[in-house]
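Enquirer: This is a predicted model, with the sequence first.
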Amino acid sequence: MSAIPTTFRAYVAERLGDRVDAGVRTLAPADLPSGEVEIRVHWSDVNYKDALATRFDGKVARTSPLVPGIDLAGEVISSADPAFRVGQEVVAHGYDLGVARHGGYADFARVPAAWVVPLPAGMTLREAMVLGTAGFTAALSVKRLEDRGLRPEHGPVLVTGATGGVGSHAVSMLAGRGYEVWALTGKADEHDWLRGLGAAGFLGRDDARADGPPLEKERWAAVVDSVGAATLAYGLRSLRRGGALALSGNAGGAALATTVFPFILRGVALLGIDSAYMEIAERRVLWARMADPADLRPRSLGERVTEVTLDTLEPAIASILAGGARGRWVVRVRDGE
Ligand SMILES: NC(=O)c1ccc[n+]([C@@H]2O[C@H](COP(=O)([O-])OP(=O)(O)OC[C@H]3O[C@@H](n4cnc5c(N)ncnc54)[C@H](OP(=O)(O)O)[C@@H]3O)[C@@H](O)[C@H]2O)c1
C-alpha cells in the first residue's frame, strides 16, 4: 500500500516526434517505478546531466516520459526495508535516477533501498543538494587521487571548469585539505569567489588549447577535470611525472586528442570517475566524509547557490547548457522548506 497521495506534481520531459515537451504535470503513485522506499522530496538540484535529460539531442534520457533529477533529498514516508524508518531524512542519486527511471523533480519518489543514503549528521537536506552529484563527484575524484597516493606536498593540483558544480566543490575540498589549488576557468570575473574557496592561482581557457605540443612543462601533481576535450589534453601533457588526472566530465566536448607521450615518458595515469554506478556502502561512507568539516566538507555550502522550483527550472537548464554555471542550482520541491 503506497503512502504517496493520489496525485502529485512532477516536472516531466517527454519525447514527441523530433522535440521534447517539458513542464510540470500531475502524476499518480502508479506512474512511479517500483522500489522499497517512498520519499517525500524536499530538495533536488540541477546538474549538467539533468539539463541534457531535457533536450532532444542530450543522449541522457533512456526512457520517455521521464521525470529528470538525478539527485533528491527528502524524508521517508514508507519503507518495505527495515533499514529505513518513516520520517528519516535521506538522499538518493545516480544509478538510473532521472535517466532511466523517474528522478528527483517530483513531490514524491519511489526508489530501491539499495540506492538510499541516510542523510549524514551535521548536514541539512538543502546542503546535501548544494553538494549533490557534483559535490559527490568532486569528493570521489579527490578520494581516487588520494587512494593512489596524492598528498599536498606533491605539488599543485589543477581544477578545470572551476566555476561549475564539480569544479567549485573540488576547489573547496582540495584547498580545505591543504593542497595548492589552481583553477582553470573561462570566467575571469569569478576569480575573487574562487580565491575565497581556496584557489591560489588561475589559468584561462586559452592556456589549455587543443593544438599544444605533445608534452609541456611539468606543472601539476594532479588534475581534476570535468571539462574534457582540449582541457583534458592540456591536463595530460602538463602533469608531473607519475601524476594523475581524474576525469569526470565533458562539458567542453567528448573528443580526446592526445599522444602516448604523457603516459609512456612520464608514467601519468588517467582515472575515470563514475559517480552514478558505484557500490552503495562506499557511497554512504563518502557522504559521511562530505559532512565532516575536518575531512571533505566544503568551506561554504551557501555561496553561489541559486534556488529554483519545479516551475522555474527552464532558465537554470538553459544557463547550464550554455556553460553559464556559477556554483550550484538547488530545486526547492517542497513548499515552505
Ligand atoms: N562522471 C560522473 O560521474 C559525473 C558526475 C557529475 C558531472 N559529470 C560531468 O561533469 C561535467 C560538469 O558537470 P557540472 O554539473 O559540474 O556542470 P556545470 O556546473 O555546468 O559546470 C561545467 C563547467 O565547465 C566549464 N565549461 C562549460 N562549457 C565549457 C566549454 N565549452 N569549454 C570549456 N569549459 C566549459 C565551465 O566552467 P568555467 O567557466 O569555470 O571554465 C562550467 O561552469 C559534465 O560533463 C557532467 O556531465 C560527470
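Expert: Looks like it came in fine.
Enquirer: Now for residue 28: which residues touch it?
Expert: With contacts defined as CB atoms under 8 Å, 6 or more residues apart in numbering, residue 28 is in contact with 6-8. Using the backbone N, CA and C atoms, a C-beta is placed for each residue, glycine as well.
Enquirer: Show the pLDDT at it.
Expert: Listed pLDDT for residue 28 reads 98.
Enquirer: Which positions in stretch 244-258 come out as buried?
Expert: For stretch 244-258, burial by neighbour count (16 or more other CB atoms under 10 Å) applies to 244-252, 258.
Enquirer: now the contacts of residue 28: which count as buried?
Expert: Counted by 16+ other CB under 10 Å, those give residue 8 as buried.
Enquirer: any idea which of the contacts of residue 28 is the one closest to residue 317?
Expert: The closest of those to residue 317 turns out to be residue 8 (CB to CB; 21.4 Å).
Enquirer: List the residues that contact the closest one.
Expert: By CB under 8 Å, 6+ apart, residue 8 lies in contact with 26-28, 106-108.
Enquirer: With distance to residue 72 and secondary structure as added columns, please give those in JSON lines.
Expert: Output for the contacts of residue 8, formatted as JSON lines (distance: CB to CB, whole Å; DSSP: H, G, I helix; E, B strand; the rest coil):
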{"residue": "26", "distance to residue 72": "19", "secondary structure": "strand"}
{"residue": "27", "distance to residue 72": "15", "secondary structure": "strand"}
{"residue": "28", "distance to residue 72": "19", "secondary structure": "coil"}
{"residue": "106", "distance to residue 72": "8", "secondary structure": "strand"}
{"residue": "107", "distance to residue 72": "11", "secondary structure": "coil"}
{"residue": "108", "distance to residue 72": "10", "secondary structure": "strand"}
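Enquirer: Figure out the length between the terminal residues of stretch 79-98.
Expert: 21 Å (CA to CA, to the nearest Å).
Enquirer: Run through the residues of the protein sitting next to the ligand.
Expert: Applying CB under 6 Å from any ligand atom, we find that the chain lies next to the ligand at 47-49, 133-134, 137, 161-167, 185-187, 205, 226-227, 248-252, 273-276, 320, 323, 325.
Enquirer: Show the buried residues in those.
Expert: Buried among those by 16+ other CB under 10 Å: 47-49, 133-134, 137, 161-167, 185-187, 205, 226-227, 248-252, 273, 275, 320, 325.
Enquirer: Out of the buried residues of stretch 244-258, which sit inside helices?
Expert: When the buried residues of stretch 244-258 are checked against helices (DSSP state H), there are no matches.
Enquirer: List just the nearest of those to the ligand.
Expert: Of all these, residue 249 has the smallest distance to the ligand: 2.1 Å, by CB to the nearest ligand atom.
Enquirer: confidence score at residue 36?
Expert: 98.
Enquirer: ugh, typo on my part, it should be residue 210
Expert: Looking at residue 210, its pLDDT stands at 85.
Enquirer: Equivalent analysis for residue 303, please.
Expert: Model confidence at residue 303, given as pLDDT, is 89.
Enquirer: re earlier: compile the buried residues of stretch 244-258 into CSV and extend it with columns for distance to residue 60 and pLDDT.
Expert: Converted to CSV, the buried residues of stretch 244-258 look like this (distance: CB to CB, whole Å; pLDDT from 0 to 100):
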residue, distance to residue 60, pLDDT
244, 27, 98
245, 24, 98
246, 21, 99
247, 18, 98
248, 15, 98
249, 13, 97
250, 12, 95
251, 13, 93
252, 17, 94
258, 26, 96
